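> Task: produce atomic coordinates for the following.
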Amino acid sequence: MSINRSRARKTLMFLFVVGVVLMVAPAAFAQDGGSMFTTDGARKLGGAIGAGLAVIGGAAGIGRIGGSAVESMARQPEASGQINGAMILTAAFVEGATLFAIVVGMMAVL
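You can find the predicted model right below:
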């Protein structure tokens, strides 16, 4: 069964937006004194869910990078050195962005 890539992208984008909203929502609750959530609980929940979504997104991105690189090396073995270098550099960028998102999410929790 093939994966519909546009649907997968839309799903990942939806999860990303939900994570961002959950990370930003506690700030809105903090300005309004009478919300149905406690400010501290909403902040911790939003930070934890946002950090979790960042990990899921980073893992999906690095997995896709690795899979595409292996497929490219199988098609053109003579270019495997260049493909491997580009793969490691791109995975490092994704890892850095994921680590930053986790730190921001955990700062909201603590």
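> quick one, which residue of this structure lies the farthest from its center?
Ranked by distance from the centre of the chain (C-alpha atoms, centre = their mean), the top residue is E78, with 32.7 Å.
> What count of nearby residues applies to Q82?
With neighbours defined by other C-beta atoms under 10 Å, the count for Q82 comes to 12. For every residue, glycine as well, the C-beta is placed using N, CA and C.
> Going by secondary structure, it is in what exactly?
Using DSSP states H and E, Q82 sits within helix 80-109.
> Point out where the protein drops to low pLDDT.
In the predicted model of the chain, residues 1-3, 22-39 satisfy pLDDT under 70.
> can you give me the helices in it?
Secondary structure of the chain by DSSP state H: the helices cover 5-31, 39-75, 80-109.
> Deepest-packed of the ones you listed, please.
Counting by mean count of other C-beta atoms under 10 Å, helix 39-75 has the highest mean neighbour count of the helices of the chain, with a mean of 16.
> Which other helices and strands does that helix contact?
helix 5-31, helix 80-109 (3 or more C-beta pairs under 8 Å, 6 or more residues apart in numbering; DSSP states H and E).
> tell me which strands and helices the longest one is in contact with?
Identification of packing neighbours for helix 80-109 by 3+ C-beta pairs under 8 Å, 6+ apart yields helix 5-31, helix 39-75.
> Export the ones you listed to JSON lines and append columns for distance to I102.
Listed next are the helices and strands packed on helix 80-109 as JSON lines, based on distance: least, C-beta to C-beta, whole Å:
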{"stretch": "helix 5-31", "distance to I102": "11"}
{"stretch": "helix 39-75", "distance to I102": "5"}
